[in-house]
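Undergrad: Just a sequence and a predicted model for now, questions to come.
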Amino acid sequence: MDKKTAIIIGAGPGGLTAAHELLKRTDIRPIVLEAGDYIGGIARTINHHDNRMDVGGHRFFSKEEKVMALWRELMPLQGAPSKDDLATGRAVPLTAGGPDPEQDDIVMLVRRRVSRIFYLRKFFDYPLSLKWETFANLGFFRTMRAGLGYMWAAVFKRKEKSLEDFLINRFGKPLYGMFFEDYTEKVWGVSPKHISPDWGAQRIKGLSLMKALKTILAKPFRKDKTKVETSLIEEFYYPKFGPGQMYEHMAKLIEEKGGEVRLNHRVKHIELDNGRIKSVTVVTPAGEEKITGDHFISTMPIKDLILAMEDAVNDKEVIEIASGLVYRDFITVGVLVPKLKIQNKTKLKTMSGIVPDCWIYVQEKDVKVGRLQIFNNWSPYMVKHPLDSVWIGLEYFVNEGDAMWQMKEDDFIKMAVSELVKIGIIEDARDVMDATETKVAKAYPAYFGSYPRFAHVKEYLNGISNLYCVGRNGQHRYNNMDHSMMTAVVAVDSIIDETKTPKSLIWDVNTEKEYHEAKKG
């Protein structure tokens, strides 16, 4: 009972990693408070009639070896072929002594990354490649325009004031108009003209048409896969039953080692005293409860974090900026069908001959769906009958409270199915055997609204001596899963010895390169 306590808000990858690291490296007891009734945040798995949905799609790959090692520690890599490896004769790297996916559940699969763009009712590589198929699908005139536009952009660089400028500099204006402009607006609800270029730096980083070409040319000579842009990786790890399995397993281990994970505990109020958090008040099924602690690690949306401590925030500009932060929300529809209308014209073998894609980015303007997931290809164990059915996820980007968000579930599913038919993914709506819908609020922190002034909020939060903001929403940064986990690792570093790891470094975890450079400097 004399141990210090860390109160961790949120049971997603960031919050759970923080708890795991505290138990592993300190004698501080973590208490994880999760507002919902599930583990994993957006990286969770939903089980619907034994067909599992990965909410958002999560590739387990990182350039940061600490994260890769943690994943392997929690769920060892497969030591025998998986169901679809056996069915297709696909050779994958196996780990000596590793678990057999056909017999064991706590196992990480090695998966083949295939993501493509669906545009003009045709498939294009994602990221865009310079293959003959790309030119043939675009047609002669579009190809000429794209080539000339790229050369123009390579010579006459724009000053990057917006995401539009960022993308045109890397792909040229014609390709931007074909593959980025409308899709980005579909995702965010606003034109790329009004989005900060920070989003491109965060998500696209060093990727460009030239980078893609160099990667293709260097492929035969490449040994170190961590030197490839994340968007260009060809393999990744994946838990047998989806990302939620990883974090449910992590939560179980946290509790076995003496930590706590409390579901349905929503933080309502945060009490400050002399620049430190003193306690949090949570709403639980049994009523309100005040919980004290020594350290506080937050993954909750910063908009909600500031609102919870509003009565103690003297700087009204902080409240104004936080209130103006914008989020994009998310709806996934799971649809079960016996087969697809689109055919596998690639050389990649799959179970039942379906298309090999994990993700399909839908660039068509005449439908609202943004992406499709084929869960069979993420893991055959995600689907109850992978030989006889295809389990599809349709991803819609919305705003909480808008017309799409407020649609009745049956009506939304009907619309989603009609779009699958319209663009030729399935033959007939009557083929659908089952369907479900899931909504996720505040899924994506946006780089517009009051975001250009966000540095002021960050400075204020850094001034609270025992508060550590980690994860995607905890930093209002569109982090990948591994980046969210690394922010938690660095937060624990700072708790252990702030003289070696100042709190400010937590905000520098965008890529491992930036973090290590910041730490050196």
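TA: Here it is on my side, so go on. None of the values given here were measured: they were computed from a predicted structure.

Undergrad: The nearest residue to Ser450 once chain neighbours are set aside and Gly401, how far apart?
TA: Take Ser450 and drop its neighbours on the chain: the residue closest to it by Cβ to Cβ, 6 or more residues apart in numbering is Gly324, 3.0 Å away. Glycine gets a C-beta too; all of them are placed from N, C-alpha and C. The gap separating Gly324 from Gly401 is 16 Å, by Cβ to Cβ, to the nearest Å.

Undergrad: So which of the two has more stuff around it?
TA: Gly324 (14 against 10; other Cβ atoms under 10 Å).

Undergrad: What segments of the stretch 351-500 of the chain are strands?
TA: 359-362, 371-374, 390-398, 434-449, 467-469 (DSSP state E, counting those that start in this stretch).

Undergrad: Report the buried residues of the helix or strand harbouring Lys66.
TA: Using DSSP states H and E, Lys66 sits within helix 65-74. Using 16 or more other Cβ atoms under 10 Å as the test for burial, helix 65-74 gives Val67, Met68, Leu70, Trp71, Leu74.

Undergrad: One more: stretch 288-302?
TA: Buried, per 16+ other Cβ under 10 Å, within stretch 288-302: Ile291, Gly293, His295, Phe296, Ile297, Ser298, Thr299, Met300, Pro301, Ile302.

Undergrad: Adding secondary structure and pLDDT as columns, could you present those in JSON lines?
TA: Formatted as JSON lines, the buried residues of stretch 288-302 follow (DSSP: H, G, I helix; E, B strand; the rest coil; pLDDT from 0 to 100):
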{"residue": "Ile291", "secondary structure": "strand", "pLDDT": "98"}
{"residue": "Gly293", "secondary structure": "coil", "pLDDT": "97"}
{"residue": "His295", "secondary structure": "strand", "pLDDT": "98"}
{"residue": "Phe296", "secondary structure": "strand", "pLDDT": "98"}
{"residue": "Ile297", "secondary structure": "strand", "pLDDT": "98"}
{"residue": "Ser298", "secondary structure": "strand", "pLDDT": "98"}
{"residue": "Thr299", "secondary structure": "coil", "pLDDT": "98"}
{"residue": "Met300", "secondary structure": "coil", "pLDDT": "97"}
{"residue": "Pro301", "secondary structure": "coil", "pLDDT": "97"}
{"residue": "Ile302", "secondary structure": "helix", "pLDDT": "97"}
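
Undergrad: quick one: which of the residues you listed is nearest to Gly36?
TA: Met300 (11.5 Å; Cβ to Cβ).

Undergrad: What pLDDT is listed against the closest residue to the closest one other than its chain neighbours?
TA: Nearest residue to Met300, sequence neighbours excluded (Cβ to Cβ, 6+ apart): Ile9, at 4.8 Å. The model reports Ile9 with a pLDDT of 98.

Undergrad: I'd assumed His295 was in contact with Ile9.
TA: No: applying Cβ atoms under 8 Å, one finds Ile9 not in contact with His295, separated by 11.6 Å.

Undergrad: picking that back up, closest to Lys408 out of the strands of the stretch 351-500 of the chain?
TA: strand 434-449 (9.6 Å).

Undergrad: And the closest one, what does it pack against?
TA: Under the contact definition 3 or more Cβ pairs under 8 Å, 6 or more residues apart in numbering; DSSP states H and E, strand 434-449 sits against strand 45-48, strand 51-54, helix 181-188, helix 198-203, strand 325-337, helix 409-422, helix 472-475.

Undergrad: Each with direction, which strands does that strand pair with?
TA: Sheet pairing of strand 434-449 (DSSP bridges) gives strand 325-337 (antiparallel).

Undergrad: same question for the strand it pairs with, mean pLDDT?
TA: Mean predicted confidence for strand 325-337 is 97.

Undergrad: Next: stretch 367-379.
TA: On average, stretch 367-379 scores 97.

Undergrad: Now do it: distance to the chain's middle.
TA: A distance of 14 Å separates the centroid of the chain from that of stretch 367-379, by Cα atoms, centre = their mean, to the nearest Å.

Undergrad: Any regions of this structure where pLDDT drops low?
TA: Low-confidence segments of the chain (pLDDT under 70): 1-2, 202-232, 510-521.

Undergrad: So which residues of the stretch 251-400 of the chain form helices?
TA: For the stretch 251-400 of the chain, applying DSSP state H, counting those that start in this stretch gives helices covering 302-308, 316-323, 375-378.

Undergrad: ok, Ser191 - how many residues close by?
TA: For Ser191, the neighbour count with other Cβ under 10 Å is 15.

Undergrad: do the one 10 residues further on as well
TA: For Ala201, the count of nearby residues is 16 (other Cβ under 10 Å).

Undergrad: From Phe448, how far out is it?
TA: Using Cβ to Cβ, we find Ala201 at a distance of 15 Å from Phe448.

Undergrad: and if you look at Ala491?
TA: To Phe448, Ala491 is 27 Å away according to Cβ to Cβ.

Undergrad: These two: which is more packed in?
TA: Neighbours were counted for Ala491 and for Phe448 using other Cβ under 10 Å; Ala491 has more, 31 against 21.

Undergrad: residues touching the nearest residue to the more buried one once chain neighbours are set aside, list them.
TA: Nearest in space to Ala491, with sequence neighbours left out and distances taken as Cβ to Cβ, 6+ apart, is Tyr468 at 4.0 Å. Tyr468 makes contacts with Ala18, His295, Phe296, Ile297, Ser298, Ala491, Ser494, Ile495, Lys503, Ile506, as judged by Cβ atoms under 8 Å, 6 or more residues apart in numbering.

Undergrad: Need the winner for burial among the helices of the stretch 251-400 of the chain.
TA: helix 375-378 (a mean of 26; mean count of other Cβ atoms under 10 Å).

Undergrad: list the helices and strands that helix packs on?
TA: Using 3+ Cβ pairs under 8 Å, 6+ apart, the elements in contact with helix 375-378 are strand 51-54, strand 390-398.

Undergrad: Show me the one of the ones you listed that comes nearest Tyr126.
TA: strand 390-398 (14.5 Å).

Undergrad: Who are the packing partners of the closest one?
TA: Here strand 390-398 touches strand 51-54, helix 181-188, strand 325-337, strand 371-374, helix 375-378, helix 403-406, helix 409-422, going by 3+ Cβ pairs under 8 Å, 6+ apart.
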